[in-house]
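what's the 3D shape of this:
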Amino acid sequence: MKHPLALSLFLLIVVGGGLAIGYLTAPGAWYAGLVKPTFNPPNWVFGPTWTVLYVLIAVAGWRVWCKESGDWPMRLWWAQLALNFLWTPVFFGAQRIDLALGVVLALLVAILAFIAASWRRDRTSAWLFTPYAAWVAFASVLNGAIFVLN
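So this is what the prediction gives:
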């Protein structure tokens, strides 16, 4: 693949951006006081999970950028990243569980659209997004359950 230094930039943007947003809008007393479903994972699971997913997201974005930086898969990649980075401030910062549910569902659609658009062009990138799709599907159910319970 061309542009190996660009991979560093993708990792910086995605992993660095995700960690910064998580740090700036860390769950606090408000989140601790919410009623959560029985399938809610322990808080310590989220950091490592998102770190691994952010690396996969960055590598997939870099691979697609190397092949076709202006085509649909790349546009969908940027759309999912924007929605991903929007969810945390909406949920934790604005404390809007309802709006966050809309954001996470739109994120899931963008992820699935990226997988579909990438499948023929770069199957590796599509596969890199499958754990992300599974996790965001779970996060959607979790967000919905927290909305119903609160």
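
pLDDT below threshold where in the chain?
The chain contains residues with pLDDT under 70 at 1-2, 69-70.

all helices of it, in order?
Ranges of helices within the chain are 4-11, 17-24, 29-32, 46-68, 72-88, 97-118, 123-128, 130-149, based on DSSP state H.

any chance of those helices in TSV, with mean neighbour count too?
C-beta coordinates here come from the backbone N, C-alpha and C atoms, glycine included. Conversion of the helices of the chain to TSV gives the following (neighbours: other Cβ atoms under 10 Å):
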stretch	mean neighbour count
helix 4-11	14
helix 17-24	14
helix 29-32	10
helix 46-68	19
helix 72-88	20
helix 97-118	20
helix 123-128	18
helix 130-149	16
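
dump these to CSV, plus distance to residue 39.
Below are the helices of the chain laid out as CSV (distance: least, Cβ to Cβ, whole Å):
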stretch, distance to residue 39
helix 4-11, 31
helix 17-24, 21
helix 29-32, 16
helix 46-68, 14
helix 72-88, 19
helix 97-118, 16
helix 123-128, 26
helix 130-149, 7
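
of all those helices, which one is nearest residue 40?
helix 130-149 (6.3 Å; Cβ to Cβ).

which other helices and strands contact the closest one?
In terms of contacts (3 or more Cβ pairs under 8 Å, 6 or more residues apart in numbering; DSSP states H and E), helix 130-149 is packed against helix 46-68, helix 97-118.

tell me which of the helices of the chain lies nearest to residue 38.
Minimum separation from residue 38 across these (Cβ to Cβ) falls at helix 130-149, 9.3 Å.

who's in contact with the closest one?
Helix 130-149 is contacted from outside by 34-37, 39-40, 49, 52-53, 56-57, 91, 97-98, 100-101, 104-105, 107-108, 111-112, 115, using Cβ atoms under 8 Å, 6 or more residues apart in numbering.

equivalent analysis for stretch 11-21, please.
Residues outside stretch 11-21 that contact it (Cβ under 8 Å, 6+ apart): 50-51, 54-55, 57-59, 61, 81, 84-85, 88-89.
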